[in-house]
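Enquirer: Structure for the following, please:
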Amino acid sequence: MKNKKLFCLAILFVISFNGYSQKEKVKNADKKYDSYAYIDAIKTYEKIAEKGYKSADLFKKLGNSYFFNAELEKASEWYKELFAMKLADLEPEYYYRYSQSLRSIGRNDLANEILESFNQKSSTDSRGILFMKNVNYLDDIKANSGRFKIEDAGINSIYSDYGTAIYLNQIVFASARDTGSLGQRKHEWTNQYFTNLYTANLDKDEMLGKPRKFDTNINSRFNESTPIFSKDGKTMYFTRNNFLNGKKGKNENKITLLKIYKATLKENKWSSITELPFNSNNYNVAHPALSQDEKTLYFASDMPGTVGQSDLFKVKINENGTYGTPENLGKNINTEGRETFPFISSDNEMYFASDGHPGLGGLDIFTSTINPNLSFGEVQNVGSDINSRQDDFGYLIDAKSRKGFFTSNRDGGKGYDDIYKFLENKRIGCDQELYGEITDIDTKDILPDTKILLFDNLYNNIRSTVSDINGNYTFTVKCGKTYYIRAQKPEYTTKEQKITIAAVNDKTYLPISLENIKCKVTIGDDLGKCFNIKMIYFDLDKSNIRIEAALDLEKILDVLTQNPTMKLDIRSHTDSRQTFKYNEVLSTKRAKSTVNWLMKNGIKADRLTAKGYGETQLVNKCADNVICTEEEHQLNRRSEFIITAL
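Expert: Okay, the predicted model is just below:
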C-alpha cells in the first residue's frame with residue numbers, strides 16, 4: 001500500500017454528498033481531497049475533467065491524488081495538463097513532482113529539463129542541488145547495478161504486503177490481505193484494507209512458510225506495520241495508528257496519525273504495549289529501526305524540525321528505559337522530499353527510502369555508512385536491480401549472508417505492494433586498501449604505536465588506528481575520494497598528508513616519516529618555534545579558528561598532553577593595518593579563541609593564559625604609514641606560545 005510512504009496510514013472521515021451541480025461536485029471533491037480521501041476525490045475530479053472542465057486547481061489535485069498513491073504514470077498525465085497551462089506562478093514543488101512522475105515512465109530527458117527548472121525556481125532546495133552536482137547520476141546508479149539476484153518472496157497476496165523484519169526463525173510483515181473478517185474496513189486514502197502484522201517461518205534457504213496472523217495483542221482494527229525486534233526477542237517496536245487501549249487519538253483536523261509503540265514478550269505473549277514519549281497527536285512518528293548496540297532508535301517523522309515532507313531521526317535509549325531528545329539526522333541524509341523506512345545492518349550501514357536523492361522515480365533505496373563518530377558517509381543509490389521506476393522501500397539485509405528482503409510496487413507484481421527476497425552477490429561501490437608504514441625521517445627506524453587518524457575531505461575524523469609492531473597501518477577507503485592522514489607520536493612532530501584514492505579496485509601505498517622533536521625548551525621559550533608555528537590562522541577579520549590551523553594546534557595540544565605540568569601564555573599579534581583599537585580587540589579575541597580550542601580538547605583552564613597585543617610589538621619597521629610588502633606585514637601577524645611553567 002502506497003500510504004506508508006509518507007505516513008499515509010491516517011484514518012480519515014469523509015461525508016458524502018450527491019446530486020449537486022458541477023460546482024458543488026468540485027467543492028465536494030475538494031473536501032474529500034482535503035481529508036486525504038484521494039480515491040473518492042479522483043472519481044469525482046476525473047468525471048468533471050472528462051466533461052471538459054479545466055482549471056489549474058483541478059489538475060494539481062488530480063496529479064497529487066495519484067502522486068500520493070504512488071500511481072506516478074497517471075500522475076504524469078494530469079501534471080502534463082497542468083504544465084500545458086503555462087502558469088507563471090506555478091509552485092516549485094509541482095516541477096519536482098512532475099519530474100519524478102516523468103522519470104517513472106522512462107522520460108528521463110524531459111524529467112531532467114523539468115528538474116533544472118525546479119532548481120532555478122528553488123535554488124536552495126537540496127533536491128535540485130543534489131541533481132545539479134551530479135547530472136550524470138544515472139551513470140552512478142548503473143555502476144551500482146547488476147549486483148543482486150531477486151525473486152518473489154513467495155508470501156504475497158493481491159493486496160498490499162510490505163515491510164519485513166526478522167524475528168527468531170520467522171519474518172514479520174504488514175499485510176492488507178482479506179482474512180475473511182466481517183469487520184474488515186477499507187482505507188479511504190488508497191481503497192485498501194487496513195494492515196495487520198503477519199508472520200511466516202523462514203528456513204535456511206530463505207524459503208517462507210504459509211503466512212499467519214501475528215500476536216492478537218499487537219494487531220488492532222487499525223493499521224500496524226514495520227516492526228523491529230531486539231536481539232533477545234523480548235522487545236519489539238512497531239508502527240500503529242494513534243490507537244491504544246480502545247481509545248483513538250486525532251489531531252486538530254480529526255485525522256488519526258501514526259505512532260511508534262513498544263511491547264514486551266511475557267509468557268510467549270506480547271504485552272505491556274506503550275507508546276513512546278516523543279509521539280504526538282499532531283505529527284507522525286513511524287518505521288522504527290534499532291542500532292546494533294540497541295542504544296539508539298532510528299525512525300521517520302514529520303515532527304517540528306523536519307527538513308522536508310518526512311525526515312529520519314534518531315533518539316537515545318537510556319539504560320533505565322527512558323529516551324533522550326530526538327535528533328534530526330541532518331541534511332546529508334534528509335532532503336526537502338521524503339526520507340523514510342530506515343534499517344541499520346550489523347556492519348553499520350544505514351539503508352533508507354527517499355524520493356529526494358537522485359533516483360529512478362518514486363521512492364528509491366539508498367545506503368550510507370555510519371562512521372565511528374556517528375556521522376554519515378556518502379549517500380549511494382543501491383542500483384537498478386533493487387530500485388525501479390516505482391516505489392521501492394523496506395530494505396533489510398543480513399550483513400553476513402548478504403541475503404534480505406525489500407518491498408516494491410513495480411510492474412509484474414502480484415498485488416498492490418509486494419515483498420521480494422534477494423541475494424547481494426557484490427558489495428556496493430569500489431573500496432581500496434590504504435596502507436603504509438611509519439618511520440623516523442632521519443634514522444629510518446620503524447615507529448610502532450603511532451596514532452593514525454583518517455579524515456574525509458571535510459575534515460571529519462572517520463577512523464583511527466595505531467601502527468603495529470612493524471610500524472604498519474591500514475584503512476579501507478572509497479575509490480575516487482580524497483582523505484587526510486594524520487600521524488601523531490610523543491616526541492615527534494605531528495604530520496598530515498593529503499591523498500586522493502584512484503577510482504579503481506586496487507591498493508594505495510602511503511608511507512609517513514616523522515621528525516623527532518630536536519629542540520629543548522625551558523621557561524620563557526616560545527613552544528611554537530619548535531614546530532615552526534608562525535601564526536594560527538583565522539577567518540579574515542574574525543576570531544574563528546580555521547580548519548587548516550587545527551593541525552598546528554594539535555602539535556601544541558600533544559606537547560601539553562605529554563607534559564601535564566607545562567603552562568602556556570598565548571600571545572596574539574597583528575600588523576599595523578587597521579586602527580590601534582581594532583587590532584587590540586581582534587588580537588585579544590584570537591588569543592582567547594586559541595585558549596578555548598585547547599580547553600575544548602582537554603587542557604585545563606589553569607594551565608593557560610591569553611593576551612592580545614595588537615600592533616604594539618612589531619618585529620620590523622612596518623608601523624603606521626610605512627610602506628611595506630605583504631611578506632613584511634606577515635612577520636608581524638604571529639602567534640606565540642610562551643612557556644610559563646614546566
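
Enquirer: Local confidence estimate at residue 100?
Expert: Note for residue 100: predicted pLDDT of 82.

Enquirer: is the residue lying closest to residue 214 once chain neighbours are set aside in a bridge, and if so with what?
Expert: Using CB to CB, 6 or more residues apart in numbering and skipping residues adjacent in sequence, the residue nearest residue 214 is residue 197, 3.8 Å away. All C-beta atoms are positioned from the backbone trio N, CA, C, and that covers glycine. Residue 197 forms beta bridges with residue 174, as assigned by DSSP bridges.

Enquirer: Residue 197 contacts residue 227, correct?
Expert: Yes: Residue 197 is within contact range of residue 227, at 6.2 Å (criterion: CB atoms under 8 Å).

Enquirer: For these two, list the residues in contact with both.
Expert: 172, 218, 238 (CB atoms under 8 Å, 6 or more residues apart in numbering).

Enquirer: Is residue 440 in contact with residue 516, as I believe?
Expert: Yes: taking contacts as CB under 8 Å, residue 440 lies within contact range of residue 516: 6.3 Å.

Enquirer: Check the contact lists of those two and give me the overlap.
Expert: With CB under 8 Å, 6+ apart, residue 440 and residue 516 have common neighbours residue 492.

Enquirer: from the shared contacts of residue 197 and residue 227, which would you call buried?
Expert: The neighbour-count test (16 or more other CB atoms under 10 Å) marks 172, 218, 238 as buried among the shared contacts of residue 197 and residue 227.

Enquirer: Need the worst-confidence member of the shared contacts of residue 197 and residue 227.
Expert: Among those, residue 218 has the weakest pLDDT, 91.

Enquirer: ok, that one to residue 264 distance?
Expert: Noted for residue 218: a distance of 11 Å to residue 264, by CB to CB, to the nearest Å.

Enquirer: which residues do these two both contact?
Expert: By CB under 8 Å, 6+ apart, the residues touching both residue 218 and residue 264 are residue 270.

Enquirer: returning to that earlier point: quick check: of the shared contacts of residue 197 and residue 227, which lies closest to residue 114?
Expert: Minimum distance to residue 114 across the shared contacts of residue 197 and residue 227 is 38.2 Å, recorded for residue 238 (CB to CB).

Enquirer: still on that earlier bit, any chance of a markdown table for the buried ones among the shared contacts of residue 197 and residue 227, columns distance to residue 91 and secondary structure?
Expert: Converted to a markdown table, these look like this (distance: CB to CB, whole Å; DSSP: H, G, I helix; E, B strand; the rest coil):
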| residue | distance to residue 91 | secondary structure |
| --- | --- | --- |
| 172 | 40 | strand |
| 218 | 41 | coil |
| 238 | 36 | strand |
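
Enquirer: how about low-confidence regions in this protein?
Expert: Residue ranges of the chain with pLDDT under 70: 1-40, 178-192, 518-519, 534-535, 537-543, 546, 548.

Enquirer: cutoff 50 now
Expert: Within the chain, the ranges that satisfy pLDDT under 50 run 1-20, 179-180, 182, 189.

Enquirer: Assign the most centrally placed residue in the chain to helix, strand or coil.
Expert: Residue closest to the average C-alpha location in the chain (CA atoms, centre = their mean): residue 333, at 2.3 Å. Per DSSP: H, G, I helix; E, B strand; the rest coil, the secondary structure class of residue 333 is coil.

Enquirer: dump the residue contacts of it.
Expert: Each residue near residue 333 by CB under 8 Å, 6+ apart is listed here: 311-312, 339, 350, 352, 368, 376, 379.

Enquirer: per-domain residue ranges of this structure.
Expert: Here the domain parsing of the chain from automatic domain parsing is 2-143, 155-424, 431-514, 527-645.

Enquirer: Quick one, which of these gets closest to residue 520.
Expert: Closest among the domains of the chain, using CB to CB: domain 527-645, at 8.9 Å.

Enquirer: Would you mind measuring the gap between the ends of that closest one?
Expert: 12 Å (CA to CA, to the nearest Å).

Enquirer: Off-centre distance for it?
Expert: 38 Å (CA atoms, centre = their mean, to the nearest Å).

Enquirer: out of all of them, which helix in this protein is the longest?
Expert: Counting residues, the longest helix in the chain under DSSP state H turns out to be helix 580-600.

Enquirer: In terms of secondary structure, what does that one contact?
Expert: Judged by 3 or more CB pairs under 8 Å, 6 or more residues apart in numbering; DSSP states H and E, helix 580-600 is in contact with helix 550-562, strand 567-573, strand 608-614, strand 639-645.

Enquirer: buried ones in that helix?
Expert: Here helix 580-600 shows 583-584, 586-595, 597-598 as buried, counting by 16+ other CB under 10 Å.

Enquirer: repeat for stretch 458-468
Expert: 462-464, 467.

Enquirer: Identify the farthest-apart pair in the residues you listed.
Expert: 462 and 467 (18.0 Å).

Enquirer: can you put the buried residues of helix 580-600 in JSON lines and add distance to residue 629?
Expert: Formatted as JSON lines, those follow (distance: CB to CB, whole Å):
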{"residue": "583", "distance to residue 629": "19"}
{"residue": "584", "distance to residue 629": "24"}
{"residue": "586", "distance to residue 629": "22"}
{"residue": "587", "distance to residue 629": "21"}
{"residue": "588", "distance to residue 629": "27"}
{"residue": "589", "distance to residue 629": "27"}
{"residue": "590", "distance to residue 629": "23"}
{"residue": "591", "distance to residue 629": "26"}
{"residue": "592", "distance to residue 629": "30"}
{"residue": "593", "distance to residue 629": "28"}
{"residue": "594", "distance to residue 629": "27"}
{"residue": "595", "distance to residue 629": "32"}
{"residue": "597", "distance to residue 629": "31"}
{"residue": "598", "distance to residue 629": "33"}
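
Enquirer: And the residues you listed, which is closest to residue 344?
Expert: Using CB to CB, residue 597 is the member of the buried residues of helix 580-600 that sits closest to residue 344, with 33.5 Å.

Enquirer: The closest one contacts residue 553, correct?
Expert: Yes: the pair residue 597 and residue 553 passes the contact test of CB under 8 Å, sitting 5.7 Å apart.

Enquirer: Export the domains of the chain to a markdown table and append columns for distance to residue 521.
Expert: Formatted as a markdown table, the domains of the chain follow (distance: least, CB to CB, whole Å):
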| stretch | distance to residue 521 |
| --- | --- |
| domain 2-143 | 48 |
| domain 155-424 | 33 |
| domain 431-514 | 13 |
| domain 527-645 | 6 |
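
Enquirer: wait, residue 372 sits on residue 463?
Expert: Yes: the pair residue 372 / residue 463 is scored as a contact, 6.2 Å apart, by CB under 8 Å.

Enquirer: ends of stretch 344-363, how far apart?
Expert: Start-to-end span of stretch 344-363 (CA to CA) is 18 Å.

Enquirer: buried sites along that stretch?
Expert: Buried, per 16+ other CB under 10 Å, within stretch 344-363: 344-345, 349-363.

Enquirer: Helices along the stretch 401-550 of the chain, start to end?
Expert: 527-530, 550-562 (DSSP state H, counting those that start in this stretch).

Enquirer: Packing partners of the first one?
Expert: This means helix 527-530. Applying 3+ CB pairs under 8 Å, 6+ apart, one finds that helix 527-530 makes contact with helix 550-562, strand 639-645.

Enquirer: wait, isn't residue 278 in contact with residue 323?
Expert: Yes: counting by CB under 8 Å, residue 278 does reach residue 323; the two are 6.5 Å apart.

Enquirer: More neighbours: which of those two?
Expert: Set residue 278 next to residue 323 and count neighbours by other CB atoms under 10 Å: residue 278 wins out with 19 against 14.
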